[in-house]
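Visitor: Okay, here's the prediction I keep looking at, along with the sequence it came from:
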Amino acid sequence: MRHWLIKSEPDVFSIDHLAKVKREPWSGVRNYQARNSMWKDMKPGDLALFYHSNAVPPGVAGVARVVGDAYPDPTQFDEASEYFDPKATKENPRWWLRDFEFVEKFPMYIPLQEMKEDDALQGMVILQKGTRLSITPVEAAHYKRVCKLGGGKGK
DNA sequence: GCCAACGTTGGC
DNA sequence: GCCAACGTTGGC
């Protein structure tokens, strides 16, 4: 099993929102690297740290789990959507997504700053300067460490 | 296929 | 709101 970190702006979609709806299609990813992660590299059952970007402060709020197989992101076909992609067709979809289900919200929120200062987390992709990827792989040891900092079970 | 211009992300 | 980083676009 692999571990991931998925970013979301809490103003748009937060861990609390996921807790309420239980399961959510991760739509709107329009970056090829992040798409490839969701499409090819993720497997059902993989666990992901739920990261709040553009938050004050930014940080990890909890855990979500990959559910089911990848399928075409429906928003790419929807002209009314901000994620509409005129170059995508039903025969040849460009953007793929998976559903994520709520696992837990950490008892303690883990600010980005705390992660930066944690010796055990050095090397995490999210901590690299200039990383804007919305979906990144996370090493198992880093995943465990973040869950510990958050006081969560991690699964 | 190069690369300048432009757009977006996201921490601060 | 600023701006560094970096992905994408499009002219050539």
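Guide: Arrived safely.
Visitor: Give me the pLDDT for the closest residue to A:Gly59 other than its chain neighbours.
Guide: Distance criterion CB to CB, 6 or more residues apart in numbering; nearest residue to A:Gly59, sequence neighbours excluded, is A:Pro111 at 4.1 Å. For every residue, glycine as well, the C-beta is placed using N, CA and C. On pLDDT, A:Pro111 comes in at 97.
Visitor: residues contacting A:Pro111?
Guide: A:57-59 (CB atoms under 8 Å, 6 or more residues apart in numbering).
Visitor: What segments of chain A are helices?
Guide: Along chain A, the stretches classed as helices by DSSP state H are A:15-21, A:32-36, A:112-117, A:140-150.
Visitor: quick one on the thing from earlier: most neighbours of all the contacts of A:Pro111, which one?
Guide: A:Gly59 (22 neighbours; other CB atoms under 10 Å).
Visitor: near DNA strand B, which residues of chain A show up?
Guide: Taking CB under 7 Å from any atom of the strand as the criterion, chain A approaches DNA strand B at residues A:7, A:9, A:30, A:53-55, A:57-58, A:112-113, A:116, A:132-134.
Visitor: Give me the contact status of the longest strand seen in chain A with DNA strand C.
Guide: Looking across chain A with DSSP state E, the single longest strand is strand A:96-111. No. Applying CB under 7 Å from any atom of the strand, one finds strand A:96-111 separated from DNA strand C by no less than 14.1 Å.
Visitor: Among the residues of chain A next to DNA strand B, which one has the most neighbours?
Guide: A:Ser134 (22 neighbours).
Visitor: isn't that residue right up against A:Leu5?
Guide: No. Contact criterion CB atoms under 8 Å: A:Ser134 and A:Leu5 do not qualify, at 9.2 Å.
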